[in-house]
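A.B. asks: 3D model of this:
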Amino acid sequence: MNLSYEQLVERINGWNHAYYVLDNPLVSDAEYDHAFRALLALETENPDLVSPESPSQRVGASPIAEFKKVEHGVKMLSLANAFSVQETYDFFDKAAKELDVPPDSLAIFSEPKLDGLAITIHYDNGLFSYAATRGDGQVGEDVTHNIKTIQSVPLKLATNTPPEKLEVRGEVFMPKAAFTKVNQLAKQQNSKVFVNPRNAAAGTVRQMNPQIAAKRDLQFIPYNVGEYQGEREFTRHSEMIDYLISLGFRRNPHCYAFSGGFEAFTENYQRMEQLRDSLPMEIDGIVYKIDDLATQTALGFIARSPKWAVARKFPAQQAITQLLGVDFQVGRTGVLTPVARLEPVFVAGVTVSNATLHNMDEIDRLGLCMGDSVDIQRAGDVIPKVAKVAEQGEDRQPIIMPARCPVCDSPVIRIEGQAAFRCTGGLICAAQGAERIEHYASRNCMNIVNLGTKLIELLYSKGIIHAIADIYKLKLEDIASLDGLGEKSAQNVLDSIEASKTTKLRTFLAALGIPEVGEGGSKNVAQYFKNLPAIQAATFEELIQVPDVGPVTAKSIVDFFQDARNQAIVADIINAGVHWVDEQPEQAQPLAGQTWVLTGTMSMPRHDAKALLESLGAKVSGSVSKKTDCVVAGAEAGSKLAKAEELGVRVIDEATFLAELHG
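C.D. replies: Modelled structure (predicted):
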């Protein structure tokens with residue numbers, strides 16, 4: 001094959017695009033393999049040749065140690081839901097009234113709602129830069145290592161005039177055929193099977209090893225653009241999607257543009273519902289968007305979702321089966337959850353043998369008794385639940401909450417003012433032990449990055465650890481002796497454990513897993529009392545004086561620290577070397593409540609400028625609006641500067657910015 005390196009890369013990428021995006025194979029497997037081996041040989045002999053868009057760069061990276069946080073420049077919002085044609089029509093009728101136009105005049109873009117994981121992919125000057133999950137909409141996780149393995153994600157945009165910056169938002173999903181293949185392999189290897197394609201896609205994206213992701217045939221289809229800096233201008237959403245397809249992305253099949261009234265929405269919905277089962281991927285509804293971008297901008301957003309788009313959800317699929325029994329599972333905080341044991345039944349592509357009953361109030365609401373037949377529903381096609389009693393059994397028996405914990409035999413009490421029942425065993429309850437350790441070590445608590453759920457469960461099941469403090473007593477041989485782990489991996493775990501000993505009081509409080517006390521409550525309590533002895537000695541009356549701490553949380557903290565067993569475990573952890581500096585009063589934040597935007601090239605790193613603003617209380621946004629208080633414009637500032645000038649927003653240069661902040 002007498003081709004240059006660049007020609008070989010271009011040819012193989014063209015074949016990949018035809019195969020994975022257009023579903024139109026151009027060459028045989030043998031010819032493809034021959035070309036790919038030739039490419040690898042060239043890159044091995046000439047490592048300086050390797051380019052970022054080479055197909056060899058999709059697979060083979062080493063597993064990562066942890067997910068890094070990524071802040072979205074433009075928030076990734078969720079959509080409002082509609083569950084009938086009438087609700088869908090009413091949503092756009094409301095939008096039309098706000099715009100003062102007839103509802104039938106709105107051009108609507110309809111696309112299947114893919115049942116996968118929302119992902120954002122960033123390109124700089126046409127080259128793949130990084131990818132992240134939606135997370136909470138403001139901050140996601142960097143999953144570049146796995147997204148690069150997806151063949152339908154171009155590493156280089158198919159254009160000679162790429163935009164300077166392009167953020168492509170879309171859905172990562174696993175096709176039905178790939179899902180079946182993955183689960184068949186899992187069964188052969190006696191591994192855990194995935195519940196559905198969505199969980200399989202999410203689990204694949206959020207694991208550490210890209211070589212695993214590369215084998216699972218994930219797909220990516222775009223549905224919107226986030227940040228954009230380029231010469232091309234768009235007037236319609238459908239035009240923007242066409243542009244993304246021209247850059248090398250895969251098109252969502254069966255997208256339609258239409259306008260009209262209630263009948264038009266009805267016809268569109270019925271068409272998509274009939275197509276649903278024949279599609280190669282799972283969909284759980286239809287997304288309707290106003291096609292005109294200027295109209296989208298005019299309508300804007302509410303707190304969590306746009307006012308110009310809605311998700312019309314398909315009804316959950318249901319089946320009837322027999323209730324065989326009810327088990328009571330004990331969670332991390334000791335709450336007992338009733339779970340229905342069912343005669344296995346196939347619902348929405350998945351065999352269901354268990355379904356949550358949530359709590360005893362839900363059982364009473366359903367009027368459910370032993371011996372009944374029940375209607376099982378996969379809410380949102382994901383979570384199996386008992387929807388209703390389908391038929392009462394002949395010999396019905398009431399379902400009763402056990403008086404004692406099924407795991408440790410400690411008394412079970414009902415939490416005052418709540419539907420929940422809780423085991424009082426606390427740290428002595430084996431069901432809670434492993435989960436309490438997992439919570440303590442988790443990313444949002446002590447963040448012991450190499451001590452994951454599977455390793456904790458393995459150590460706990462073998463009796464190597466029993467309580468939180470035991471993780472600080474682990475030795476190299478305790479970990480290295482486990483299957484699949486060696487001395488290097490064991491040392492990484494020990495290094496992470498050692499690093500976790502230096503923490504913050506608020507972090508330590510959250511990690512203890514005190515019922516009703518999360519990250520926010522821990523921060524408020526730590527800021528108020530400043531040190532642990534004061535918190536341990538605090539009375540109920542003192543605790544309810546803390547901002548945002550109510551009676552339930554205050555009682556939970558008092559109960560926790562009055563328990564001698566909890567006092568002992570906290571003492572053991574501190575004696576193992578966990579320490580922190582007592583909380584200090586928060587610094588004054590003169591920019592609290594203000595929104596700032598950074599644009600253009602600055603002499604100081606962008607993230608440093610952002611951190612400086614945030615330390616003074618400002619919110620740093622990626623876009624300019626009427627609510628923006630100030631724009632800092634560096635060299636070569638572009639559209640954001642123009643937008644600020646158009647809206648009359650205050651604009652300053654970097655020198656003024658630094659002078660004001662230092663002042």
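
A.B. asks: for the closest residue to K68 other than its chain neighbours, give me its contacts.
C.D. replies: Distances taken as Cβ to Cβ, 6 or more residues apart in numbering place D142 nearest to K68, at 4.3 Å, with adjacent residues excluded. All C-beta spots, glycine's among them, are computed from the backbone N, C-alpha and C. Neighbouring residues of D142 by Cβ atoms under 8 Å, 6 or more residues apart in numbering: F67, K68, K69, V70, Y130, A131, A132.

A.B. asks: same thing with D291?
C.D. replies: D291 makes contacts with A107, I108, F109, R236, H237, S238, A257, as judged by Cβ under 8 Å, 6+ apart.

A.B. asks: now with 10 Å, please.
C.D. replies: 106-110, 235-241, 257-259, 308 (Cβ atoms under 10 Å, 6 or more residues apart in numbering).

A.B. asks: return the backbone torsion pair for it.
C.D. replies: D291 has phi and psi values of phi -70, psi -30 when expressed as degrees, to the nearest 10.

A.B. asks: distance check, it against E519.
C.D. replies: To E519, D291 is 41 Å away according to Cβ to Cβ, to the nearest Å.

A.B. asks: also I119?
C.D. replies: Using Cβ to Cβ, I119 is found at 25 Å from E519.

A.B. asks: tell me which of the two has more neighbours.
C.D. replies: I119 (26 against 14; other Cβ atoms under 10 Å).

A.B. asks: next, that one: secondary structure please.
C.D. replies: What DSSP: H, G, I helix; E, B strand; the rest coil gives for I119 is strand.

A.B. asks: any idea how far R365 is from S500?
C.D. replies: As defined by Cβ to Cβ, R365 lies at a distance of 43 Å from S500.

A.B. asks: tell me which residues of stretch 394-412 come out buried.
C.D. replies: Buried residues in stretch 394-412, counted by 16 or more other Cβ atoms under 10 Å: I399, C405, V407, C408, S410, V412.

A.B. asks: meant to ask about stretch 506-519, not that
C.D. replies: Residues of stretch 506-519 classed as buried by neighbour count (16+ other Cβ under 10 Å): R506, T507, F508, L509, A510, A511, L512, G513, I514, P515, E516, V517.

A.B. asks: how far does that stretch stretch from start to finish?
C.D. replies: 7 Å (Cα to Cα, to the nearest Å).

A.B. asks: cool, stretch 233-240 as well?
C.D. replies: Using Cα to Cα, the span of stretch 233-240 from its first residue to its last is 9 Å.

A.B. asks: could you find the closest non-adjacent residue to V570?
C.D. replies: Counting by Cβ to Cβ, 6+ apart, the nearest residue to V570 once its immediate chain neighbours are dropped is L512, at 7.1 Å.

A.B. asks: what bridges to T599?
C.D. replies: Beta bridges link T599 to A633, judged by DSSP bridges.

A.B. asks: quick check: it touching I652?
C.D. replies: No: using Cβ atoms under 10 Å, T599 is not in contact with I652, being 11.4 Å away.

A.B. asks: list the residues that contact both of those two?
C.D. replies: V631, V632, A633.

A.B. asks: hey, where'd the helices end up in the stretch 351-500 of the chain?
C.D. replies: Counting by DSSP state H, counting those that start in this stretch, the stretch 351-500 of the chain has helices at residues 360-366, 430-441, 453-461, 476-480, 487-499.

A.B. asks: ok, now the stretch 151-300 of the chain?
C.D. replies: Per DSSP H, counting those that start in this stretch, the stretch 151-300 of the chain carries helices over the ranges 176-188, 197-205, 210-214, 237-246, 262-275, 293-299.

A.B. asks: for those, which one sits closest to F328?
C.D. replies: helix 197-205 (24.6 Å; Cβ to Cβ).

A.B. asks: just put the helices of the stretch 351-500 of the chain in JSON lines and tack on distance to S4 and mean neighbour count.
C.D. replies: Output for the helices of the stretch 351-500 of the chain, formatted as JSON lines (distance: least, Cβ to Cβ, whole Å; neighbours: other Cβ atoms under 10 Å):
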{"stretch": "helix 360-366", "distance to S4": "67", "mean neighbour count": "15"}
{"stretch": "helix 430-441", "distance to S4": "51", "mean neighbour count": "21"}
{"stretch": "helix 453-461", "distance to S4": "47", "mean neighbour count": "16"}
{"stretch": "helix 476-480", "distance to S4": "49", "mean neighbour count": "16"}
{"stretch": "helix 487-499", "distance to S4": "41", "mean neighbour count": "16"}
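
A.B. asks: how about the ones you listed in a markdown table, adding mean pLDDT and distance to G417?
C.D. replies: A markdown table is the format used below for the helices of the stretch 351-500 of the chain (pLDDT from 0 to 100; distance: least, Cβ to Cβ, whole Å):
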| stretch | mean pLDDT | distance to G417 |
| --- | --- | --- |
| helix 360-366 | 92 | 12 |
| helix 430-441 | 84 | 22 |
| helix 453-461 | 87 | 32 |
| helix 476-480 | 89 | 43 |
| helix 487-499 | 90 | 38 |
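
A.B. asks: quick one: closest of these to A202.
C.D. replies: Between A202 and the helices of the stretch 351-500 of the chain, the shortest separation by Cβ to Cβ is 15.4 Å, and it involves helix 453-461.

A.B. asks: what angle separates the closest one from helix 430-441?
C.D. replies: Angle between the axes of helix 453-461 and helix 430-441 is 140 degrees (criterion: axes from the mean of the first three to the mean of the last three Cα atoms, to 10 degrees).

A.B. asks: direction-wise, compare helix 453-461 with helix 487-499 and give the angle.
C.D. replies: Interaxial angle, helix 453-461 versus helix 487-499 (the same axes, to 10 degrees): 90 degrees.

A.B. asks: distance from helix 453-461 to the middle of the chain?
C.D. replies: Between the centre of helix 453-461 and the centre of its chain there are 24 Å (Cα atoms, centre = their mean, to the nearest Å).

A.B. asks: and the contacts of D291, which are buried?
C.D. replies: For the contacts of D291, a burial check counting by 16+ other Cβ under 10 Å picks out L106, A107, I108, F109, S110, R236, H237, S238, M240, I241, W308.

A.B. asks: quick one: residues contacting the fifth one.
C.D. replies: Shown here is S110, whose contacts under the criterion Cβ under 10 Å, 6+ apart are 254-258, 264-265, 268-269, 271-272, 286-289, 291, 312.

A.B. asks: filter these to the buried ones?
C.D. replies: A264, F265, N268, Y269, M272, I286, V287, Y288, K289, D291, R312.

A.B. asks: the fifth one and Y288, how far apart?
C.D. replies: M272 is 11 Å from Y288, where distance means Cβ to Cβ.

A.B. asks: likewise the last one?
C.D. replies: In this structure, R312 and Y288 are 6 Å apart, going by Cβ to Cβ.

A.B. asks: any regions of the stretch 51-200 of the chain where pLDDT drops low?
C.D. replies: Residues of the stretch 51-200 of the chain meeting the criterion pLDDT under 70: 59-65, 195.

A.B. asks: picking that back up, let me know the closest of the buried ones among the contacts of D291 to N524.
C.D. replies: W308 (37.2 Å).

A.B. asks: my guess is that closest one contacts H237. True?
C.D. replies: Yes: W308 is in contact with H237 according to Cβ under 10 Å; the separation is 9.1 Å.
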